[in-house]
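S.K.: This is the structure alone, sequence omitted:
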């Protein structure tokens with residue numbers, strides 16, 4: 001399939017449906033033979049798993065072969081849409097680069113010598129290794145890493161039943177600073193009503209290239225129909241910048257200066273919502289005094305955004321309230337002060353009274369699901385290896401802090417960690433300073449990976465336990481909260497093509513061998529049956545099988561928390577502009593600006609980002625998606641490029657204090673002169689991911705730095721040298 005054909009398919013064209021019936025799917029011969037005894041054509045509702053959005057879709061299956069994936073219009077979040085990534089799920093299913101059997105390493109780590117084994121041998125091997133390490137070091141001698149998945153709950157339950165305190169999840173590389181900042185302020189992390197907003201400020205949230213449904217589609221509607229004015233701040237001219245009303249190439253690390261200056265104008269000119277602030281907020285007087293020092297003239301020097309524009313934007317924003325939002329986004333931390341910047345965003349939204357209002361911020365609505373009762377396990381005895389209580393007392397205990405954790409594991413402090421179990425995550429690609437991650441892998445006595453592909457991390461594992469793809473397995477029901485909550489059902493659309501298992505069955509197999517079966521003594525069907533019991537319809541499981549999604553009709557709702565007696569889930573019971581919780585934990589109770597590190601002479605600040613067709617680094621080897629961008633390039637402004645003798649497509653070396661990569665240059669005026677940019681997801685080490693081996697890996701360049709409060713990885717703190725090769 002060529003790129004043009006895939007584009008037609010991705011937009012729902014008839015040509016795409018025909019193309020998917022070609023050899024591009026590479027349907028295994030055994031499945032073609034088995035198809036003779038299968039119902040000729042089925043339309044099966046299920047849920048996509050190609051990114052975090054979980055859009056609803058309908059699988060078209062003919063004689064046991066998946067032919068096409070169509071959007072399911074019943075999901076109000078995905079809005080009858082299935083993007084390129086969603087369509088490429090077919091290629092994930094039929095990809096020849098999938099891990100097809102359990103494997104045990106026979107050579108040195110990274111040597112690529114594997115033995116295909118049966119499931120009993122693979123599970124016996126993993127359980128014996130884990131048991132030996134538990135005997136020698138205690139359960140705290142094991143580390144359990146995972147990423148978002150409908151079946152992640154079982155992997156995490158196994159780590160807790162095993163007795164390990166050391167679970168670490170993806171938010172520490174993603175949403176940690178956002179989640180903590182908004183939780184400290186509002187007691188929850190709200191959604192943004194982009195569809196009904198009339199004024200939107202996005203600071204680095206490249207929503208048109210980093211899809212989040214429904215926000216991306218709502219933003220497209222708002223900007224193309226000019227219902228909303230979009231102000232976009234980013235050192236790079238992205239596709240979101242192209243659709244914005246105004247783009248400002250802000251100096252990286254100064255976003256908080258812009259926000260504080262807006263607060264200065266709105267408060268000093270009495271443009272804040274006085275009634276809302278007096279009724280629902282606490283700490284306003286201290287905030288008003290605090291922001292007097294942060295004038296637009298001062299902020300102009302910091303941000304390189306003209307003071308007159310900061311004045312105007314602040315006034316326009318407050319005039320548009322409550323249908324005005326300073327959008328949080330979902331990207332990783334930028335700097336060591338990222339939490340303070342996110343706090344500033346939350347406070348800016350609060351004082352204009354956009355809370356729980358149409359076009360503003362909306363507390364997430366939920367649909368209650370049932371829960372299967374099972375035998376509880378004891379809490380871990382040992383403290384966490386990343387010492388959260390001491391280093392990051394407000395960070396989410398269940399998520400951990402990856403970078404500090406890695407530092408402690410490498411140092412053997414406060415105790416040795418010698419086994420690493422990893423589910424649906426690739427730390428080698430995801431965590432900054434790749435060489436340190438490799439050191440951590442190599443010092444482990446045992447590494448076990450559950451995945452569908454031979455990731456860079458899997459390449460260095462001792463055993464690989466291949467998971468069935470989302471199109472081959474039955475998953476727990478999932479509830480996604482938000483402005484319009486939905487309940488999602490994922491059912492298999494084809495039988496497993498290879499010798500793979502769902503994570504739940506893998507966990508049960510390990511639990512049996514670890515003498516922990518009593519905690520997993522149920523079936524997936526029993527788990528789901530309990531989940532759907534509270535749904536308000538007759539035969540709820542039949543309904544979910546038929547529709548694939550349920551969304552209560554009464555949403556969106558606005559104003560349910562807007563009563564004087566409502567108590568927010570904060571220490572004061574109000575929206576906390578000044579946070580005593582932060583003060584008690586030893587942090588600034590109000591957001592304080594610290595000037596970012598200046599770019600050294602002869603270097604550039606490395607900035608990162610995503611593209612709409614890739615989900616982090618997990619889909620860059622998908623042939624259909626890789627065809628959009630077969631390799632990454634280094635964005636560099638023409639002025640410094642000329643001084644370095646770099647032309648468009650020149651091969652350049654990019655070097656930081658921790659590593660170097662080579663890739664082609666893209667000379668473009670769409671980036672600041674003091675920054676360079678590279679796309680995430682390339683430079684893979686694993687030979688199985690040959691399509692993503694090209695270009696360079698940003699994980700080899702990014703230096704270890706974290707946000708001071710949340711511990712989230714600070715990804716824009718690295719300076720690099722660039723030279724023509």
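M.R.: Received, thanks. Predicted model only: the values in this text are computed from it and were never measured. Numbers count the residues shown, from 1 in each chain.
S.K.: mind listing the helices in the stretch 351-500 of the chain by residue range?
M.R.: 388-391, 402-411, 427-430, 434-442, 456-459 (DSSP state H, counting those that start in this stretch).
S.K.: Also the stretch 151-300 of the chain?
M.R.: 152-162, 176-186, 215-224, 239-243, 255-268, 274-280, 284-290, 296-303.
S.K.: Out of the ones you listed, name the one with the poorest average pLDDT.
M.R.: Between the helices of the stretch 151-300 of the chain, the lowest average pLDDT goes to helix 215-224, which shows a mean of 80.
S.K.: Reformat the helices of the stretch 151-300 of the chain as CSV; add distance to residue 632 and mean neighbour count.
M.R.: All C-beta atoms are positioned from the backbone trio N, CA, C, and that covers glycine. Converted to CSV, these look like this (distance: least, Cβ to Cβ, whole Å; neighbours: other Cβ atoms under 10 Å):
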stretch, distance to residue 632, mean neighbour count
helix 152-162, 29, 21
helix 176-186, 25, 25
helix 215-224, 22, 20
helix 239-243, 16, 17
helix 255-268, 25, 25
helix 274-280, 45, 16
helix 284-290, 42, 16
helix 296-303, 28, 20
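S.K.: could I get the helices of the stretch 351-500 of the chain as a markdown table with mean neighbour count and mean pLDDT?
M.R.: As requested, the helices of the stretch 351-500 of the chain are arranged in a markdown table below (neighbours: other Cβ atoms under 10 Å; pLDDT from 0 to 100):
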| stretch | mean neighbour count | mean pLDDT |
| --- | --- | --- |
| helix 388-391 | 15 | 94 |
| helix 402-411 | 20 | 97 |
| helix 427-430 | 26 | 94 |
| helix 434-442 | 18 | 97 |
| helix 456-459 | 25 | 97 |
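S.K.: Generate CSV for those helices, with distance to residue 108 as supplementary columns.
M.R.: As requested, these are exported to CSV (distance: least, Cβ to Cβ, whole Å):
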stretch, distance to residue 108
helix 388-391, 34
helix 402-411, 20
helix 427-430, 16
helix 434-442, 10
helix 456-459, 12
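S.K.: of all the ones you listed, which lies closest to residue 670?
M.R.: helix 427-430 (25.4 Å; Cβ to Cβ).
S.K.: Can you give the contact residues for the closest one?
M.R.: 145, 170, 173, 402, 434, 437-438, 441, 455-457, 459-460, 616-617, 681, 684-685, 697, 699 (Cβ atoms under 8 Å, 6 or more residues apart in numbering).
S.K.: hmm, 7 Å instead?
M.R.: Helix 427-430 has contacts (Cβ atoms under 7 Å, 6 or more residues apart in numbering) with 145, 173, 434, 437-438, 456-457, 616-617, 685, 697, 699.
S.K.: One more: stretch 637-645?
M.R.: By Cβ under 7 Å, 6+ apart, stretch 637-645 touches 665, 667, 669, 671-673, 722-724.
S.K.: let's see 6 Å
M.R.: 667, 669, 671, 673, 724 (Cβ atoms under 6 Å, 6 or more residues apart in numbering).
S.K.: of all the helices of the stretch 351-500 of the chain, which lies closest to residue 524?
M.R.: The nearest among those, by Cβ to Cβ, is helix 456-459 at 24.7 Å.
S.K.: Run the chain-centre distance for that closest one.
M.R.: 20 Å (Cα atoms, centre = their mean, to the nearest Å).
S.K.: ok, which stretches of the stretch 451-600 of the chain are strands?
M.R.: Ranges of strands in the stretch 451-600 of the chain, per DSSP state E, counting those that start in this stretch, are 463-466, 478-480, 486-488, 549-550, 575-576.
S.K.: pLDDT weak spots in the protein?
M.R.: Residues of the chain meeting the criterion pLDDT under 70: 1-39, 330-333.
S.K.: Would you point out which residue is most central in it?
M.R.: The centroid of the chain falls nearest to residue 174 when counting by Cα atoms, centre = their mean (5.4 Å).
S.K.: Next, find the distance separating that one from residue 114.
M.R.: Distance, residue 174 to residue 114, using Cβ to Cβ, to the nearest Å: 31 Å.
S.K.: likewise residue 215?
M.R.: For residue 215, the distance to residue 114 - Cβ to Cβ - is 42 Å.
S.K.: again, but for residue 419
M.R.: Where residue 114 is concerned, residue 419 sits at a distance of 19 Å (Cβ to Cβ).
S.K.: And residue 190, by the same measure?
M.R.: Counting by Cβ to Cβ, the gap from residue 190 to residue 114 is 47 Å.
S.K.: what about the two, which has more around it?
M.R.: Legend: neighbour count by other Cβ atoms under 10 Å for residue 190 and residue 114, higher for residue 190 (22 against 19).
S.K.: sorry, back to before: columns distance to residue 194 on top of the helices of the stretch 151-300 of the chain, output as a markdown table?
M.R.: Listed next are the helices of the stretch 151-300 of the chain as a markdown table, based on distance: least, Cβ to Cβ, whole Å:
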| stretch | distance to residue 194 |
| --- | --- |
| helix 152-162 | 28 |
| helix 176-186 | 16 |
| helix 215-224 | 4 |
| helix 239-243 | 12 |
| helix 255-268 | 19 |
| helix 274-280 | 21 |
| helix 284-290 | 26 |
| helix 296-303 | 24 |
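S.K.: Compare these and give me the one nearest residue 425.
M.R.: Here helix 152-162 is closest among the helices of the stretch 151-300 of the chain (Cβ to Cβ), at 9.8 Å.
S.K.: Contacts for that closest one, please.
M.R.: Outside helix 152-162, the residues touching it (Cβ under 6 Å, 6+ apart) are 139, 144, 146, 167, 377, 423, 503-504, 507, 516, 519.
S.K.: Quickly check the residues you listed for the two that are furthest apart.
M.R.: 139 and 504 (21.5 Å).
S.K.: neighbour count winner among these two?
M.R.: Taking neighbours as other Cβ under 10 Å, residue 139 and residue 504 compare with residue 504 leading, 23 against 20.
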